[in-house]
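# Turn this into a model:
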Amino acid sequence: MAANGMTVDYQSEFDPEWYINTFYGSVLNEVSQSDQKTDNRLQFNLLQFNLEKYHEVFHSGIVKGGSLLDIGTGPSIHSIISACRHVDDVYLSDIAPQNRKVLTDWWKSDKLLIEKITEYVFGLEKSGQTVAEWQQTMKEKVRDVLSIDVTLVKPFGGGCDVTQFDIITSSLCLEAAAQTLDQYRSNAANVSSLLKSGGHLILNGVLGQSWYRVGEVKFACVSLTREDIESIFVSCGFEIQRFEIVKFKSKDNEYSNFQGYFFMYAVKR
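So this is what the prediction gives:
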């Protein structure tokens, strides 16, 4: 248990159903219906930003490779919607078994996940495919759903045959797995060890956030600035190619106290 009644126990406290319904369901529905509620607008803007940046970097043709690892996938597949057409093998990962179950159930069945989000990306990709066809393509690229802990020097704990990947993507994970800058720096180094030299790192996250809520549970995380993130990843051997941020002044909303969000694309030296 972290300070101030907050937790870092994702394996027993994280509720994937609430997360999906709130951040990928009701928020998108309500905002698309011109709902001007500030909390929902902020969450939608963050999601929209992430989806558009993933689309831009993969659509550019610069980022492609044989293997992609998505770190801290959670109960969502939004980070691989644009990526799947540009890689051969996709590995999903999360620390929480309940999130891995959601992913595995989707992968191993005819189920669809976050359909509206997939449709939104269609608009960016100008695709004529149906949601079912696109997600079937994604499923065919998935090779495994892995247990991962980015706080460990060996994040897979010996549970993965692949030692390094061509591309790593991650959204809202590394800061959530740390409460101090030193922990974040350690997480970054552990993640870097999983990427090949010359490999691509695509990172989405939040700025100035010390907590966020899933259901009735508050999770603690480290508050970051752009300077923190850039200096840490440069020290881990990355050349930053793009770094974009959206900042705003906002009081705590019901979901979190983040003060902005960022997108980073970097190449490992």
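
# Going by C-alpha atoms from here, please, whenever you check contacts or count neighbours.
OK.

# May I have the phi/psi pair for Asn99?
phi -70, psi -40 (degrees, to the nearest 10).

# what's the closest non-adjacent residue to it?
Once flanking residues are discounted, Asn99 sits nearest to Pro75: 4.7 Å by CA to CA, 6 or more residues apart in numbering.

# what sits against the nearest residue to His86 once chain neighbours are set aside?
Closest residue to His86 apart from its sequence neighbours, by CA to CA, 6+ apart: Lys64 at 5.2 Å. Contacts were defined as CA atoms under 8 Å, 6 or more residues apart in numbering; by that measure Lys64 touches 58, 86-87, 166-167.

# Which phi and psi values does Lys64 adopt?
phi -160, psi 160.

# can you tell me which two in the contacts of Lys64 are farthest apart?
Largest separation among the contacts of Lys64 by CA to CA: Phe58 and Asp166, giving 13.4 Å.

# Out of these two, name the residue with the larger neighbour count.
Asp166 (21 against 18; other CA atoms under 10 Å).

# so what strands line up beside the strand or helix carrying the more buried one?
For Asp166, the host element (DSSP states H and E) is strand 165-171. If you go by DSSP bridges, strand 165-171 pairs up with strand 65-71 (parallel), strand 195-207 (parallel).

# Next, work out how far apart Gln183 and Lys111 are.
37 Å (CA to CA, to the nearest Å).

# More neighbours: which of those two?
Per other CA under 10 Å, whichever of Gln183 and Lys111 has more neighbours is Gln183, with 17 against 11.

# which residues does the more buried one contact?
Taking CA under 8 Å, 6+ apart, one finds Thr151 in contact with Gln183.

# So which residues of this structure form helices?
10-13, 16-21, 27-32, 38-59, 97-107, 115-125, 131-141, 181-192, 226-235 (DSSP state H).

# okay, Phe23: pLDDT?
According to the prediction, Phe23 has pLDDT 83.

# cool, and Ala83?
Ala83 carries a pLDDT score of 96 in this model.

# what's the answer for Leu42, then?
pLDDT at Leu42 comes out at 59.

# Kindly report the same for Asn29.
For Asn29, pLDDT reads 53.

# go on, Arg143?
What the model reports for Arg143 is a pLDDT of 97.
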